[in-house]
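*Asks:* Task: produce atomic coordinates for the following.
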Amino acid sequence: MSNSFLFSLRSRYKQIVSWTDQNKYRKDISLLRVKIKKISQLYKKYESTEKKEGKQQIEQQIKQLQQEKEQIKERLVAYGEKVIPEIIKSLETVTEKDGYFAETLVNVLQEIGEPSLPAVLTALKKAKSTYEKIALLSFFNVNYKGKIDKDVIDVIKKFLNDKNPDVRKKTVEILGRAGEDTVVILCEQLLKEKNEEIKESILYELELTKSKLALPYLEKVLHDPTLRASAVVLISEITGESTSSILSRLYSQKKIDKKELRRWKEEITKNNLVRLRAALNIYYADYDGVYPENLESLVPKYISRIPEVDLGIDGFPVTNKVTYGKQPDNTGGWIYCNDKNDPDYYGNIIVNCTEKDSLGNVWSSY
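*Replies:* Reported below is the predicted structural model:
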């Protein structure tokens with residue numbers, strides 16, 4: 001038997017094994033899609049079912065399918081880098097209805113780890129559909145254990161020019177995870193972006209970084225009325241300059257008039273109230289239903305500092321003082337209820353002012 005014949009046999013055998021493996025991968029991926037579709041259908045059925053017995057039966061079916069789904073996912077991860085090309089091909093076909101399926105496949109790629117990276121970057125360069133792009137970009141979300149380095153950034157940043165706002169928003173989220181390395185890229189996008197929601201997303205990512213590299217761009221954003229309040233707060237976070245001082249500077253530069261000065265001070269105070277309430281809610285969730293004894297406990301993990309209250313009312317105190325209780329005494333700052341024995345007000349925070357804002361609403365009613 002000649003060497004060439006043996007070589008041919010071995011090659012043929014490898015091809016057969018390869019085809020068998022590919023069919024196995026495709027079968028599991030297809031089965032995963034079916035299981036996830038059935039889970040989705042059962043959730044909808046659960047919502048429309050009124051009888052307790054019916055709901056319990058559906059819950060059991062969902063639990064069983066979830067277990068089967070996890071078993072398939074574990075098999076795909078165990079296949080390792082050999083399954084990556086088939087997963088990439090499947091992501092090319094995802095639609096709006098395949099969000100959970102795409103998320104699960106991306107999670108498999110993340111668990112396989114570093115071997116997935118070259119295939120994901122190559123696929124991103126060729127990606128066509130909105131859903132494929134978003135799925136591939138999601139590979140770099142919080143579950144990604146690698147570094148978002150220059151090579152990754154160079155591929156991802158091109159999607160800031162995508163026509164679809166959902167793709168641009170996802171790109172902003174991923175670039176934000178790179179920290180200081182993408183601050184200028186995000187800032188440049190902030191100045192040219194037309195979508196207001198994406199602009200706010202960029203400001204949110206910049207707030208997490210708090211880089212001084214953003215300051216020249218944020219000064220330009222102060223001219224945009226739709227973003228001024230967020231930009232003022234962010235500049236204050238980065239520099240330590242009070243929001244009142246920043247607004248007063250804009251007023252002295254005649255970029256805003258006296259009426260606008262008060263309106264923006266009001267807007268920022270309302271934004272700060274929202275931020276404090278969000279911080280309290282996160283703290284409450286982290287500590288199993290307990291609010292902090294004092295607001296300083298939120299600093300710096302949940303909020304960088306207790307913001308000041310400046311209502312733009314002549315003669316009214318500008319302060320970040322915290323009064324503990326539930327009834328406003330009109331001395332300014334915040335009033336926070338830390339009394340566990342008062343369930344109606346426990347964890348509540350309001351502006352400590354009984355004056356009215358420019359809309360005619362009493363401040364303590366917000």
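*Asks:* mind checking pLDDT for Pro225?
*Replies:* pLDDT, Pro225: 88.
*Asks:* Over to Val17?
*Replies:* At Val17, the model reports a pLDDT of 42.
*Asks:* what comes into contact with stretch 31-45?
*Replies:* By CB atoms under 8 Å, 6 or more residues apart in numbering, the surrounding residues in contact with stretch 31-45 are 58, 61-62, 65-66, 68-69, 72-73, 76, 90, 98, 100-101, 104-105. The way it works is simple: take the backbone N, C-alpha and C, and place the C-beta from them, glycine included.
*Asks:* how about a cut-off of 10 Å?
*Replies:* The contact list for stretch 31-45 (CB atoms under 10 Å, 6 or more residues apart in numbering) reads 49, 54-55, 57-59, 61-73, 75-76, 90, 93-94, 97-105, 108.
*Asks:* ditto for stretch 355-366
*Replies:* With CB under 10 Å, 6+ apart as the test, stretch 355-366 has contacts from 259, 262-263, 265-267, 269-270, 273-274, 309, 311-313, 316, 327-330, 332, 335, 350-354.
*Asks:* What subset of the contacts of stretch 31-45 is buried?
*Replies:* Buried residues within the contacts of stretch 31-45, counting neighbours by 16 or more other CB atoms under 10 Å: 58, 62, 65, 68-69, 72-73, 75-76, 90, 94, 98-99, 101-102, 104-105, 108.
*Asks:* ranges for the strands of this protein?
*Replies:* Under the criterion DSSP state E, the chain contains strands at 322-324, 334-336, 349-351.
*Asks:* which of these sits most buried?
*Replies:* Of all these, strand 334-336 carries the top mean neighbour count, a mean of 25, counting by mean count of other CB atoms under 10 Å.
*Asks:* residues in contact with it?
*Replies:* Residues outside strand 334-336 that contact it (CB under 10 Å, 6+ apart): 269, 272-273, 276, 280, 291-295, 306-309, 319-329, 345, 347-353, 364.
*Asks:* Pairing partners for that strand, with directions?
*Replies:* With DSSP bridges as the test, strand 334-336 is paired with strand 322-324 (parallel), strand 349-351 (antiparallel).
*Asks:* any idea how far the most centrally placed residue in the chain lies from Asn141?
*Replies:* Using CA atoms, centre = their mean, the residue of the chain that lies closest to the mean C-alpha position is Glu173, 6.3 Å off. Distance of Glu173 to Asn141, computed by CB to CB, to the nearest Å: 8 Å.
*Asks:* Does Ile335 have any beta-bridge partners, and if so which?
*Replies:* Ile335 has these beta-bridge partners by DSSP bridges: Thr323, Ile350.
*Asks:* ok, Ile306 - contacts?
*Replies:* Counting by CB under 10 Å, 6+ apart, Ile306 touches 272, 276, 279, 294-296, 298-299, 319-322, 333-334, 336.
*Asks:* tell me the mean pLDDT for stretch 63-81?
*Replies:* 95.
*Asks:* my bad, should have said stretch 327-343
*Replies:* 96.
*Asks:* first to last residue in that stretch, what's the distance?
*Replies:* End-to-end distance of stretch 327-343 (CA to CA, to the nearest Å): 15 Å.
*Asks:* list the buried ones in stretch 291-311?
*Replies:* Across stretch 291-311, burial judged by 16+ other CB under 10 Å covers 291-292, 295, 298, 302-304, 306-311.
*Asks:* Using pLDDT, spot the least trustworthy of the residues you listed.
*Replies:* Out of the buried residues of stretch 291-311, that is Ser304, at 89.
*Asks:* Give me the phi and psi angles of it.
*Replies:* With angles defined as degrees, to the nearest 10, Ser304 sits at phi -70, psi -30.
*Asks:* nearest spatial neighbour of it, skipping sequence neighbours?
*Replies:* Ranked by CB to CB, 6 or more residues apart in numbering and with sequence neighbours excluded, the top spatial neighbour of Ser304 is Glu237, at 5.7 Å.
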